[in-house]
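Colleague: quick one: sequence and predicted model below, then my questions.
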Amino acid sequence: MLGTLILKEVRDIFGSTKFVISFSVCAVLILLAFFTGAQNYQAARRQYEAAKAENLRQCDGLTDWLMLRQNRIFLPPEPVAAIVTGVSNDIGRTVEVTGRGELSAEDSRFEGEPLFAVFRFLDLEFVFGVVLSLLAILLGYDAICGEKERGTLRLVFSHAVPRATYICGKLIGSLAALVPALIVPILIGCLVLVLMGIPVDVNGWFRLALAIGTGLLYFMVMLVLSIMVSAMTHRSSSAFLAMLVVWVMSVFVVPRAAVLLAGRAVVVPSVDELSSKKAALNSQLWTQGRQAISRWTPEKTGGDMEGMMKQFQDMMEKQADERDRKMQELAGQLNEDRANRQRVQQRWAFAAARLSPLASFSLAVTSLAGTDLNMNDRFAAEAAQYQGDYAKFMKAKTGMVPGRGMIIMKGDAGGGAKPKPVDPKELPEFQHRPIALAGAVETAIPSIGLLIVWGLGAFITAFWSFLRYDLR
Amino acid sequence: MTDSPYLEAVALSKRYEDGVLALDRVSFGVRPGQIYAMLGANGAGKTTTINIFLNLIDPSEGEARIGGIVTHREPLEAKAHVAYVSENVMLYGNFTAMQNLEFFARLSGKHHYSRDDYHDILRRVGLSDDVHYKKVRGFSKGMRQKCGIAIAILKDAPAILLDEPTSGLDPKAGWEFCRLLESLRQEGKAILMSTHDIFRAKEIADTIAIMKEGRLVMEQPAGELAHLDLEKLYMEYMAGHNGPMPAEA
Amino acid sequence: MFRVLVTKELKAILLSPRFVGTFMVGAVLILLSVYVGIQEYRAAVDHAQTSQLLSDQGLQEATSWMSASTRAYRAPDPMTIFVSGLAFDIGRWTPISTRTGVRLRHSLYSDEPMYAVFRFVDFSLIVVVVMSLFALLFTYDAVSGEREDGTLKLVFSHPVSRAHYLLAKASGAWLGLAAALAVPTALAVLMVVVYGIPLGWQDWLRLTLLLGLAALFCGSFVMIGLLLSACTRHSSVSFLTGLMVWVALTLIVPRIGVLTAGQLTNVPTVAEIQGQREAFARDQWDKFMRDGIGRWQGNTDSLGEEALLARIQTEDSLRRQVETNISDYETRQYADLRRKSERRERLALSLARLSPVSAFQIGAMTLAGTDLDMKPRFESAMDAYRAQFTDYVGQRQSESPGAGGMRIEFNSETGMKISNPRDAGALDISGLPKYVSPRFDLAPAVGSLALDFGVLALGLLGCLFGAVMLFSRYDVR
Ligand SMILES: Nc1ncnc2c1ncn2[C@@H]1O[C@H](COP(=O)(O)OP(=O)(O)OP(=O)(O)O)[C@@H](O)[C@H]1O
Ligand SMILES: [Mg+2]
């Protein structure tokens, strides 16, 4: 009996124009998302390589590492991030590393190319989150009430069909028809990635697969939700209207309102406030430092220039370290405070936003793709680590960690050996690791769990409402 | 013919949520091999009665029984023993006639039918072969009605509920339908039919009842009703092309 | 006759659940979005003011005019309450100093990526997404649905002209939609006034134009729905096509337009440009250094105090020369970049305007001053300010010269000498010109606005005409 019902459902769906048209639109969009993602990735890769090469070009002809003025590191593009963009286009991608002090990422993609910010990109998150959910509604809104309007429900229930079996057949049949249908264009999309030579590694494939799985889960949730609404209404037009309201709320209102409310409720000091506090301390420290330098006298070295220079440099180095330490203390304090508040803010924002299935879905896939809010923090941490390496490297090469504000000019009276140019290859390279699978899954789990809860809840509600549905 | 009724309404009452009393203590019985025709004005409560037999709604008081099973207590058990044709049969528009038949046959738990059986039945209700594989969406009302009848026959249930089954059928199909009903009666089915067609009701029904405002105001064997000459003449004219032409009218 | 038809349409719509749904959703969304917009606007004004203040304080603490640098903050525009556009994607400030060029950085979204996750909801988004959808819902079954109900046959058994009938449908739906939105919109505007958001006469004009544009936009979707309805025989089919058309026009065409333009044109990224600038700057400084070594070779002690000062001054002017070179180069580069991206933007927007949705969105952003011109507009104002700043600083510096830093000399004979030429007192910045954000001027935007209005009006009339033509041959059975 259940089998018959499921089979009928699948057949009915595949035979309908509604399915054919909306599925074609989906397929085209999914393929487009993969294709534009791949293209974007390639473009970003080119830009990234160009920027990196330019950065290294600075070293051409340098004879002393100290003369390296601005060493920049860039966030490399990632294939999965191009397909699920998340905040990757909103956060800064370039960090200037001096060896000391605080780092700040600048130049987000959208800042640089605001054109793309006008309508944003067509990525998988958008296709699933907005378009596919709408199509799920379109395919599910008249599942029950439509049959009633058309009169088939009466005929079916003049047979000995238990309601429970019928609704299960409806739900399972719809899912069984639509979900595999969606997998086809997705697989073709993956093939497009391979054919275009996008280097997705195993970790990337896993995360992509999980992200797609989450997308399908979200699609299922929306489908079951609309069947549920369909089992609670008697006219398909009101079912659609109701689902439309749910969709607008879920996609456009709840997530945004949640974030804004949390932003209002939890006050986080702005970046500018922080930086002005830091600047104040910095200038104070410099003033003290200058006074200290003025008071400084070298120990007697008997006119040994080199020794005196060495002493001076050591002193300066010590001072810089001291300054650094103090700055870091303050910065650490301020940043931690900000980060803590931000975390609280985000927790509230996302907890409230997750009321909307779309938000749960978005948070889950961006976590899996590594383009959630943590992307910013991970990049910052990696940059800080690189700064450490860079400082060590510079110390080894030049005997001091360069910071801003000191220019050394050696007026060499005597000829001396001609200095050798530096080898740019020696410059430590910025290592960016894509997010580990386990970590990504761990952050995504709550959202996925919530989606499952949504799905099950809708399933059960649909079930219960149908048991009491007026079949006439 | 046994004596105990197969379809049975016992003091059936139905009051809708909005207060309309659609059925008021209606009692009747339909024995196997009997055709029971319900007549009545629009809104008299015929469809409501049938809905209760199908457990599409619960009665407010009293009960409907099918083969002794109370429909609102064990609806599934009851429905396994009854086939139904509505006044306006609606089918899955995306499916062909064959697919619809197959689906509903399976729902009735009849898995043993072959393709030929479906063709046979469709022919029997008067659907020619060229539409068997057409999507039902394009069918006319009468064609859908015929499909509905085919589905009811397929179910092979001991009782049949017919809600104005002949609405939309052309005269020939209507006549054929009556023959079909007669053969079903021969097989011993208990048939409950609501209709507006008093002539045809008188022709084939064993018992005729008239409902008015939710109450059964008259119930008589069909034989005792045959009084009016005009009616009789007209009936003969409608029933058979080989019958005598009316001498005057 | 026409009056009778319109009245019937209006009645039918006002009593339908669609109207109730539209009204409720519209009211909640519009009021919410404007409320949020007001809060965000006030927060942004606050932020810009305090940050400007802090940066001025920072400037005071600088030790010399040479190292003086400040920031210029972009002042928010009250129209962002209705159309946030790119306001949150574009950097909020630029450093202003003699050394670095103007470039807006640190957008709200990059500083607070939490907001970027779902972005903001504003009036224009509501119009684009929700109102267009409801407009379609109002008319998709205007013809096909009535045919199915059989009422069409009944109506045309009376002496009714088909064009009149269709026009009545269109006006009824449009009026109904307007009725659903008028109240919440009026309340929203009232809220803006009550919260004391400063609106000048130009702002009111912009707001009026924005509402007009929104009405035109809704109208074009009403017509699209009507056209589809007159194309199809079943309301389920017109519903389906309507939804697909909506998805295509709202969600796809604009993006595809932009992506296509992005593919067709090549614009270097800021990182690339900066790399080039760095390379150029390094060359320049290298040269300066090399020459400097030549200049300073020999015993500086033999020079008198006067000569040394003169030397330092030439050194200073040379250094400034290098700085100007570099910043000129940067300016040239950015001008080039701007030209290239403007070309790309023009192409992208023309492609996107194939959809009325983008036409509306672009028009709304232009009206709010949050369009793509926003960045160049602010940057050029900031550039002008930077010129003032540089002039002023140069002037002040010539009054009290010195690099600000300290000079430390090691000499094998005299040992070490530390000189701290200037006392590190606070700078007097009272005379420093202040940065004033440019007021939005409607005049230069008129051309682009006319285009958007034109596209929408043309689309509307085209659809209406198409619908009338199709309906004149419609089989009403
Ligand atoms: N869902 C309902 N809610 C309230 N009243 C109803 C409902 N369905 C039917 N009725 C009322 O019950 C009464 C009987 O209706 P029913 O459909 O049984 O009539 P009928 O005899 O089948 O009429 P027809 O010959 O037109 O088919 C009518 O007065 C009708 O208004
Ligand atoms: Mg009836």
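Modeller: Received the coordinates, thanks. All figures in this text were calculated on a predicted structure; none of them were measured in a lab. Ligands and ions are numbered 1, 2, ... in the order given.
Colleague: go through the helix or strand that contains residue A:227 and flag the buried ones.
Modeller: Here residue A:227, judged by DSSP states H and E, is contained in helix A:202-230. For helix A:202-230, a neighbour-count test (16 or more other CB atoms under 10 Å in any protein chain shown) marks A:203-204, A:206-208, A:210-212, A:214-230 as buried. To be clear about C-beta, it is placed using only N, CA and C from the backbone, and glycine gets the same treatment.
Colleague: one more: stretch C:367-385?
Modeller: C:367-379, C:381-383, C:385.
Colleague: so the helix holding residue A:227, near chain C or not?
Modeller: No - using CB under 8 Å from any CB of the partner chain, helix A:202-230 never reaches chain C; the gap is at least 13.2 Å.
Colleague: now that helix, how far from the centre of its chain.
Modeller: 18 Å (CA atoms, centre = their mean, to the nearest Å).
Colleague: likewise stretch C:141-153?
Modeller: With CA atoms, centre = their mean, you get 44 Å for stretch C:141-153.
Colleague: other residues contacting that stretch?
Modeller: C:155, C:166, C:169, C:173, C:225-226, C:229-230, C:232-235, C:237-239, C:471, C:474, C:476-477 (CB atoms under 8 Å, 6 or more residues apart in numbering or on different chains).
Colleague: quick check: mean pLDDT of the helix holding residue A:227?
Modeller: Helix A:202-230 carries an average pLDDT of 94.
Colleague: what's it packed up against?
Modeller: helix A:79-83, helix A:124-126, helix A:133-140, helix A:163-195, helix A:236-248, helix A:357-369, helix A:437-467 (3 or more CB pairs under 8 Å, 6 or more residues apart in numbering or on different chains; DSSP states H and E).
Colleague: chain B: helices as residue ranges?
Modeller: Here chain B has its helices, by DSSP state H, at B:46-53, B:75-79, B:97-107, B:115-124, B:141-155, B:171-186, B:198-204, B:229-239.
Colleague: kindly report the same for the stretch 301-450 of chain C.
Modeller: C:305-352, C:356-368, C:374-399, C:446-472 (DSSP state H, counting those that start in this stretch).
Colleague: what's the closest of those helices to ligand 1?
Modeller: For the helices of the stretch 301-450 of chain C, the distance to ligand 1 is smallest for helix C:446-472, at 35.0 Å, taking CB to the nearest ligand atom.
Colleague: buried residues in that closest one, which are they?
Modeller: For helix C:446-472, using 16+ other CB under 10 Å, the buried residues are C:448-449, C:451-453, C:455-456, C:459-460, C:463-464, C:466-468, C:470-471.
Colleague: now stretch B:206-222
Modeller: B:206-211, B:214, B:216, B:222.
Colleague: residue ranges in chain C under the pLDDT threshold?
Modeller: Within chain C, the segments meeting pLDDT under 70 span C:62-63, C:270-271, C:295-303, C:400-427.
Colleague: so where's the stretch 151-300 of chain A shaky on pLDDT?
Modeller: If you take pLDDT under 70 as the line, the stretch 151-300 of chain A has these spans: A:300.
Colleague: would the helix ranked longest in chain A count as contacting chain C?
Modeller: Criterion DSSP H: the longest helix present in chain A is helix A:305-353. Yes - legend: contact between helix A:305-353 and chain C by CB under 8 Å from any CB is shown at A:305, A:308-309, A:312, A:342, A:345-346, A:349, A:353.
Colleague: okay if I get these as TSV plus pLDDT and neighbour count?
Modeller: Formatted as TSV, the residues of helix A:305-353 next to chain C follow (pLDDT from 0 to 100; neighbours: other CB atoms under 10 Å in any protein chain shown):
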residue	pLDDT	neighbour count
A:305	70	14
A:308	75	20
A:309	74	16
A:312	77	17
A:342	88	20
A:345	90	20
A:346	89	20
A:349	91	28
A:353	91	24
